[in-house]
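Participant: here's my sequence, what's the structure:
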Amino acid sequence: MRFHADLHVHSKYSRATSRDLDLEHLAAWACRKGIGVVGTGDFTHPAWCAELKQKLVPAEPGLYRLRDDIEQAIAQTLPPTCRASVRFMLEVEISTIYKKADRTRKVHHLIYAPDFETVDRMSARLARIGNIASDGRPILGLDSRDLLEIALESGPHAYLVPAHIWTPWFAALGSQSGFDSITECYGDLADRIFAVETGLSSDPPMNWRVSFLDRYRLTSNSDAHSPGKLGREATTFDCERDYFAIKHALETGHGYVGTVEFFPDEGKYHLDGHRKCEVRLTPRETLAHGGRCPVCGEPLTIGVEHRVEVLADHSEAQALPPPTAGMVSNFVPLPEILSELTASGAASRAVVRGYDQAIAKLGSELSILQSVPVEDIARAGSPLLAEAITRLRAGQVICEAGYDGEYGVIRLFEDSELKQLTAGGLLFDAPISKRMRNEPPKPIVTHAPASDDRKTEPVRPRLRLVREAPSSAGSGVLAQLDDDQRPAAQIVEGPLLIVAGPGSGKTRTLTYRIAHLIAERGVAAETCLAITFTRRAAAEMRQRLSALLADRAEEVAIHTFHSLGLAILREQASAAGLHRGFRVAGEAERIALLA
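Facilitator: The predicted model follows:
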């Protein structure tokens, strides 16, 4: 089964967290968000562990669920569209602070266990090293390598994942107190690490620039300090929903689908800066200022993008998904979208009301963000939200990057544009307008010339050819397209060119055309090839095809130009005179070889 897992969470016993972080609130919010497995957080804290033992009962192997009476009470508070049975995985984040190689190291780690016997053994050993009762996320004077050893010795199935590896102050690769590699951090036990958490300020494409991370499965989680933050990032699996299947998926990739991500710009340590002086800088600007704040002269906090740049051996253009990579989906949390649309705070009554209406009508938050057809969102009474989701899925966002502990802001509309669009009514009460102002033009559909003429004359629409295409709305896959997109997708003979501006649905139209060919025209999925300009567009196409074609989507080859070239070379390595298992050299290696 396919499900989302959020495996980095805290309880009310961690410092600076909400008092609502109990199992009941976590389960309710997991249902609202569409999360199937949630980390318990803080299992080393004695009071929290006692509460876990009291309220949880065994479910699938290595996972737990709430007692029937608690689960039934929670279900009564939820709309029918969101009722589900949530599973819990025993999890804790531990902070280690210690000296190594003449530097103070501060590293956070996530540890998982399949049963309370393992938890009790681990907690007993850690209690002899430091105070585990004062904070749900205990701070211990312990080498990272030694913590990993304790976790492994506590039970044969316990495992450790380095937490938010790029965070400047508390991470394995952090700029302020981390290391330059995972191996350097965990020493002779580093080969027991098989997954790392990317954190809110980075996403997988940033990590693909660092080749020593290629061996690890990348995970994403919310690091929620309040229940409503659950699911802002998550890891997606397609396997049995049990502890051992999840661990196996991370170890081998079988059952690992990918991650649901913040736009990394929204993370609070994405760029460099100095929050006190409201200074935000790119890595290049930081170097130009000698690493110091141009206002006050204090040292700048070096952000994740800068740290990646330091450790990277691939340029952004060269970075390709490694064999361990999964699908990547970047989203903005639904409350933040509603906050922008209503011009009110994310915790305001207007946003809470809009959120409750949305999930009651359309289902869980992640399904709204990922898969609910935008036509259904519009029909539910919110064409403005439908437009926002359309832009979000296309990656058409306006970013103000976070820095030095200040979260970034992701917007979907310009302020002036939003004022025009919201002039007609309330979020879920506005009538569906025939066409929104400033909406990009609809696609112009033409057939490409059959000749190999490369003249740079502008393409002129051949409306006659469009009219010859089937025009019935019909049913099936193409029923979800609008009246301008559907004729393009129905043309199945000969070359086809779609000319349209940004945001008009070109990728969506071509994706549905592929699905139409496979599902309704009998075309073999393995004979289809789609090439996109960006990895993000490729990931979007994969996600849409998976929703339309289920398992058959995996047979469709979807590539960027670079990844297609690499795939051909890997398939024809011997014919190209290359050794099996060859890799693409990084920029530094290329320069060294050509020197």
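Participant: sec struct for residue 570, please.
Facilitator: helix (DSSP: H, G, I helix; E, B strand; the rest coil).
Participant: spit out the contact partners of it.
Facilitator: residue 582 (C-beta atoms under 8 Å, 6 or more residues apart in numbering). No exception for glycine: its C-beta is placed from N, CA and C like everyone else's.
Participant: can you tell me how far it is from residue 579?
Facilitator: Taking C-beta to C-beta, to the nearest Å as the measure, residue 570 falls 11 Å from residue 579.
Participant: quick one: the strands in the stretch 251-400 of the chain?
Facilitator: Taking DSSP state E, counting those that start in this stretch to define them, one finds strands in the stretch 251-400 of the chain at 256-261, 272-274, 279-281, 327-330, 398-400.
Participant: make a markdown table out of these and add mean neighbour count and mean pLDDT.
Facilitator: Below are the strands of the stretch 251-400 of the chain laid out as a markdown table (neighbours: other C-beta atoms under 10 Å; pLDDT from 0 to 100):
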| stretch | mean neighbour count | mean pLDDT |
| --- | --- | --- |
| strand 256-261 | 24 | 97 |
| strand 272-274 | 26 | 96 |
| strand 279-281 | 22 | 96 |
| strand 327-330 | 22 | 95 |
| strand 398-400 | 14 | 93 |
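Participant: show me the domain layout of the chain.
Facilitator: According to automatic domain parsing, the chain comprises the domains 2-266, 331-439, 444-570.
Participant: Serialize the strands of the stretch 251-400 of the chain to JSON lines and add fields for distance to residue 543.
Facilitator: Putting those into JSON lines (distance: least, C-beta to C-beta, whole Å) gives the following:
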{"stretch": "strand 256-261", "distance to residue 543": "9"}
{"stretch": "strand 272-274", "distance to residue 543": "32"}
{"stretch": "strand 279-281", "distance to residue 543": "31"}
{"stretch": "strand 327-330", "distance to residue 543": "6"}
{"stretch": "strand 398-400", "distance to residue 543": "21"}
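Participant: of all those strands, which one is nearest residue 376?
Facilitator: strand 327-330 (18.9 Å; C-beta to C-beta).
Participant: contacts for the closest one?
Facilitator: 203-205, 236, 257-263, 370, 395, 535-536, 539-540, 542-543.
Participant: filter those to the buried ones?
Facilitator: Buried by 16 or more other C-beta atoms under 10 Å: 203-205, 236, 257-263, 370, 535-536, 539-540, 542-543, out of these.
Participant: what about the helices in the stretch 101-250 of the chain?
Facilitator: Here the stretch 101-250 of the chain has its helices, by DSSP state H, counting those that start in this stretch, at 116-127, 144-154, 182-186, 204-207, 243-252.
Participant: which parts of the longest one are buried?
Facilitator: For helix 116-127, a neighbour-count test (16+ other C-beta under 10 Å) marks 116, 118, 119, 120, 121, 122, 123, 126 as buried.
Participant: how far away is residue 111 from residue 42?
Facilitator: On the measure of C-beta to C-beta, residue 111 and residue 42 end up 11 Å apart.
Participant: common neighbours of those two, please.
Facilitator: What both residue 111 and residue 42 touch, as defined by C-beta under 8 Å, 6+ apart, is the set 92, 93.
Participant: gap between stretch 214-228 and the chain center?
Facilitator: 9 Å (C-alpha atoms, centre = their mean, to the nearest Å).
Participant: next, the buried residues of that stretch.
Facilitator: In stretch 214-228, counting by 16+ other C-beta under 10 Å, buried: 214, 216-228.
Participant: what mean pLDDT does stretch 176-183 have?
Facilitator: Averaging pLDDT along stretch 176-183 yields 97.
Participant: buried set for that stretch?
Facilitator: 176, 177, 178, 179, 182.
Participant: downstream of the worst-scoring helix or strand of the chain on mean pLDDT, the next helix or strand is which one?
Facilitator: In the chain, no helix or strand scores lower on mean pLDDT, DSSP states H and E than helix 463-468, which sits at a mean of 28. Counting by DSSP states H and E, the next helix or strand C-terminal to helix 463-468 is helix 485-490.
Participant: show me what the following helix or strand past that following helix is packed up against.
Facilitator: Counting by DSSP H and E, the next helix or strand C-terminal to helix 485-490 is strand 497-499. If you count contacts as 3 or more C-beta pairs under 8 Å, 6 or more residues apart in numbering; DSSP states H and E, strand 497-499 packs onto strand 444-446, helix 506-520.
Participant: could you dump those to CSV with mean neighbour count, distance to residue 415 and mean pLDDT?
Facilitator: Listed next are these as CSV, based on neighbours: other C-beta atoms under 10 Å; distance: least, C-beta to C-beta, whole Å; pLDDT from 0 to 100:
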stretch, mean neighbour count, distance to residue 415, mean pLDDT
strand 444-446, 21, 30, 35
helix 506-520, 21, 27, 88
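Participant: save the ones you listed as CSV, and put in distance to residue 48 too.
Facilitator: Below are those laid out as CSV (distance: least, C-beta to C-beta, whole Å):
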stretch, distance to residue 48
strand 444-446, 59
helix 506-520, 45
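Participant: nearest to residue 347, out of the ones you listed?
Facilitator: Closest among the helices and strands packed on strand 497-499, using C-beta to C-beta: helix 506-520, at 32.9 Å.
Participant: contacts for the closest one, please.
Facilitator: 394, 443, 476-478, 480-481, 485, 488-492, 498, 500, 523-525, 528, 530, 532, 537, 540-541, 544-545, 548-549, 552, 556.
Participant: buried subset of those as a ChimeraX selection?
Facilitator: Remark: buried members of those, expressed as a ChimeraX selection using 16+ other C-beta under 10 Å:
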select :394,443,477,478,480,481,485,488,489,490,491,498,500,525,528,530,532,537,540,541,544,545,548,549,552,556
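Participant: okay, buried residues for stretch 552-569 please.
Facilitator: For stretch 552-569, by 16+ other C-beta under 10 Å, it's 552, 553, 556, 558, 559, 560, 563, 564, 566.
Participant: just the ones in strands from the residues you listed, please.
Facilitator: 558, 559, 560 (DSSP state E).
Participant: can you pull the contacts of the last one?
Facilitator: For residue 560, the contacting residues are 531, 532, 533, 534, 535, 538, by C-beta under 8 Å, 6+ apart.
Participant: so what's it bridging to?
Facilitator: residue 532 (DSSP bridges).
Participant: per-residue pLDDT of it, please?
Facilitator: Reported pLDDT for residue 560: 89.
Participant: before we move on, the earlier item: adding distance to residue 382, write the buried residues of stretch 176-183 out as a markdown table.
Facilitator: As requested, the buried residues of stretch 176-183 are exported to a markdown table (distance: C-beta to C-beta, whole Å):
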| residue | distance to residue 382 |
| --- | --- |
| 176 | 44 |
| 177 | 46 |
| 178 | 44 |
| 179 | 47 |
| 182 | 45 |
